[in-house]
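**Q** Sequence first, then the predicted structure:
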Amino acid sequence: MDITSRFLGMSSYKRKAKNGREFAVSPSKSRMRTHSYARLMENAKSGVSLYDKTFGFASSPLKKDSGISKNKRRSLEISRISTLEQREQYRRLIADHLAPSVREPIKFKDPEGQVAKNISIVDLTKLPNNDAPEKGPATPSLSRGIKNNVKENVLYSGFGTRQKSVAIKDVVSPCLSENFISNILKTYNHRERHRQMQLSVAEKRATMLREKREAKEAMLSEILESKLEIKETPKLPELTSAMNAVINNAFEIGPRQEILAENFNISMTREHISTLFGLRWLNDEIVNFYMELIVQRSKECKELPSVHAMNTFFYPKLSKQAYNSVRRWTKKVDIFSKDLVFYPIHLGVHWCLAVVDFKRKQIRYYDSMGGENEECLQTLRDYLLSEHKNKKGSEYDLTGWKLESMLEIPQQMNGSDCGVFACKFAEYISLDAELSFTQDDMPYFRRAMVWEILNKKLLR
């Protein structure tokens, strides 16, 4: 059976081996080989194309029994779907790509007579006429790369025998410009000026913010100094050895009713003085005597505020029996002419102090345990109204007066020193001094009060 009939329709055939024996070929393999070789034979009968010549397929003789490689199968597929005209265009494009595109530069003169620089002749595809370029992928692909940075005319020649000179503009690098350095300097000088301007604005803003912050800090510093100003605590008078000897003698065992001091219609016995020893509670005699010492000092020193002190029994009688029970207590004194009036308040087991400040129009309540007593403040307010109407014959104007329980004052840390605190509140207020003492000063104050009572004068 010949090769044509064997590959063009038979499902199976017999083939001779090298030893002369025949054997059958399977139908599936037969169909695959039949399809490939049939196409190969058709192409061979039709002739070899220019595309095949370009890529060298024509130089390889067809062998009947040889297999088809992958690359040849791809080339055969291209030849099957492509026309001769399309393959010719591919061939021309490849030939143009492989050929040198730039030839030696030539010189020519521009219209002004100057010799142009950087003149080159570039090969382009052939142009069929003077007006329109030949259609195809070559012309746009080659002309696409020369659009920017153009300066002078250049001559170009096409491929083949026909040549066409086309005048276009040449590509010129900006680095070759005569003004390149000056342009660069202008650009970077402009940027530098812009940066300097931004820096100046930032510095001005920083200066403004710094000044604003410093002004605010100064204002806050003044506020803190006024609120939290730490004043020097006045140094307390030192008790000498002679003073301590007198004080120790008063605390020694002796007759309880022995009178150690007498003044202001008050007799101070050894029993009264002993309440200042240790942590004992003060009695009425000690408090009343010490209040009279404060009044006496205010009379002797005209620079100090004028002071009057009520007896410790005044407030209990006023609060229980009303104004009429104490109406005659001020028969010899005009309290409205004083700057300060002290009212020692005894609440059974606790001493406090109330102060009527006519100069500042205030009624203040001082409790070393931090307590508040609105009832006491209202009672003293009503007393002022009644006292003024009784003594002056008119209503007392309390407009602008303030009633306040003082909280930010020295506090006692035990249950025994309330009487000493009350006496020292009055003594410091009469000096118009800050209440700078503490619980730690109480032992000193107890001994100092003994010396002051025995000597009938205050140390300060």
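**A** Good, I have the coordinates.
**Q** Let's verify residue 235: helix, strand, or coil?
**A** coil (DSSP: H, G, I helix; E, B strand; the rest coil).
**Q** and if you look at the one 4 residues further on?
**A** Secondary structure state of residue 239, per three-state DSSP, is coil.
**Q** number of nearby residues for it?
**A** Each residue near residue 239 was counted by other C-beta atoms under 10 Å, and the total is 16. Backbone N, C-alpha and C define where each C-beta goes, glycine included.
**Q** distance of residue 298 from residue 246?
**A** 25 Å (C-beta to C-beta, to the nearest Å).
**Q** right, I mislabeled it, should have said residue 443
**A** 17 Å.
**Q** what's the answer for residue 440, then?
**A** 23 Å.
**Q** more crowded one of those two?
**A** Using other C-beta under 10 Å, the more surrounded residue of residue 440 and residue 246 is residue 246, with 16 against 8.
**Q** Surely that one is within a strand?
**A** No. Going by three-state DSSP, the assignment for residue 246 is helix, not a strand.
**Q** Who are the contact partners of it?
**A** When contacts are counted by C-beta atoms under 8 Å, 6 or more residues apart in numbering, residue 246 is found next to 450, 451, 454.
**Q** Counting neighbours, which of those residues comes out on top?
**A** Among the contacts of residue 246, residue 450 has the most neighbours (other C-beta under 10 Å), with 26 neighbours.
**Q** Neighbours of residue 387, how many?
**A** 19.
**Q** ok, now the one 10 residues further on?
**A** The local packing of residue 397 (other C-beta under 10 Å) involves 10 other residues.
**Q** Same check on residue 279?
**A** Neighbourhood size, residue 279 [other C-beta under 10 Å]: 11.
**Q** what separates it from residue 443, distance-wise?
**A** The gap separating residue 279 from residue 443 is 10 Å, by C-beta to C-beta.
**Q** Could you do residue 267 as well?
**A** Distance from residue 267 to residue 443, counting by C-beta to C-beta: 26 Å.
**Q** Just the residues contacting stretch 310-330, thanks.
**A** Contacts with stretch 310-330, where a contact means C-beta under 8 Å, 6+ apart, come from 284, 287-288, 341-346, 354, 375-376, 379, 382-383, 386-387, 390-391.
**Q** Correction: the previous question concerned stretch 429-438.
**A** Stretch 429-438 is touched from outside by 231, 233-234, 294, 297-298, 304-305, 307, 340, 342, 355, 409-410, 424-425, 428, 445, 460, with contacts defined as C-beta under 8 Å, 6+ apart.
**Q** List the contacts of residue 256.
**A** By C-beta under 8 Å, 6+ apart, residue 256 lies in contact with 269, 270, 271.
**Q** so the second one makes contact with residue 249?
**A** Read it as residue 270. No. Using C-beta atoms under 8 Å, residue 270 is not in contact with residue 249, being 10.0 Å away.
**Q** neighbour-wise, which of the two wins?
**A** Neighbour count, other C-beta under 10 Å: between residue 270 and residue 249, residue 270 has more, with 17 against 12.
**Q** How about the backbone phi and psi for the nearest residue to that one once chain neighbours are set aside?
**A** Closest residue to residue 270 apart from its sequence neighbours, by C-beta to C-beta, 6 or more residues apart in numbering: residue 258 at 4.6 Å. Main-chain dihedrals, residue 258, degrees, to the nearest 10: phi -70, psi 130.
**Q** hang on, isn't residue 258 packed against residue 269?
**A** Yes. Between residue 258 and residue 269 there is a contact at 6.1 Å, judged by C-beta under 8 Å.
**Q** For those two, indicate the residue with more neighbours.
**A** Between residue 258 and residue 269, residue 269 has the larger neighbour count (other C-beta under 10 Å), namely 17 against 12.
**Q** and the more buried one, what are its bridge partners?
**A** residue 259 (DSSP bridges).
**Q** Where does the prediction get shaky in the stretch 201-350 of the chain?
**A** The model of the stretch 201-350 of the chain has pLDDT under 70 over residues 229-234.
**Q** Break down it into its strands, ranges please.
**A** Along the stretch 201-350 of the chain, counting by DSSP state E, counting those that start in this stretch, strands occupy 259-263, 266-269, 307-309, 340-346.
**Q** Please produce CSV containing the ones you listed, extended by distance to residue 370.
**A** Putting the strands of the stretch 201-350 of the chain into CSV (distance: least, C-beta to C-beta, whole Å) gives the following:
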stretch, distance to residue 370
strand 259-263, 33
strand 266-269, 31
strand 307-309, 24
strand 340-346, 15
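**Q** Could you single out the most deeply buried of those strands?
**A** With neighbours defined as mean count of other C-beta atoms under 10 Å, those peak in mean count at strand 340-346, which reaches a mean of 23.
**Q** Direction included, what does the helix or strand just after that strand pair against?
**A** Toward the C-terminal end, the helix or strand that comes next after strand 340-346 (DSSP states H and E) is strand 351-357. If you go by DSSP bridges, strand 351-357 pairs up with strand 340-346 (antiparallel), strand 362-366 (antiparallel).
**Q** could I get the ones you listed as TSV with distance to residue 434?
**A** Below are these laid out as TSV (distance: least, C-beta to C-beta, whole Å):
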stretch	distance to residue 434
strand 340-346	16
strand 362-366	14
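**Q** With residue 191 as the reference, name the closest of those.
**A** For residue 191, the closest of the strands paired with strand 351-357 is strand 362-366, at 71.4 Å, according to C-beta to C-beta.
**Q** Only C-alpha atoms, please: export that closest one in CSV.
**A** What follows is strand 362-366, C-alpha atoms only, in CSV (Å, rounded to 0.1, in the frame of the first residue of the first chain):
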residue,chain,number,x,y,z
GLN,A,362,-17.8,89.0,109.1
ILE,A,363,-18.9,86.5,111.8
ARG,A,364,-16.4,83.6,111.8
TYR,A,365,-16.4,80.3,113.6
TYR,A,366,-13.2,78.5,114.4
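**Q** Give me the residues contacting it.
**A** 345, 352-357, 372-373, 376-377, 380-381, 401-406, 409, 422, 425.
**Q** Repeat the analysis, applying 7 Å as the threshold.
**A** Strand 362-366 has contacts (C-beta atoms under 7 Å, 6 or more residues apart in numbering) with 352-357, 373, 376-377, 380-381, 401-406, 409, 425.
**Q** That strand - what's its average pLDDT?
**A** The pLDDT scores in strand 362-366 average 97.
**Q** what do you get for stretch 91-98?
**A** Averaged over stretch 91-98, pLDDT sits at 72.
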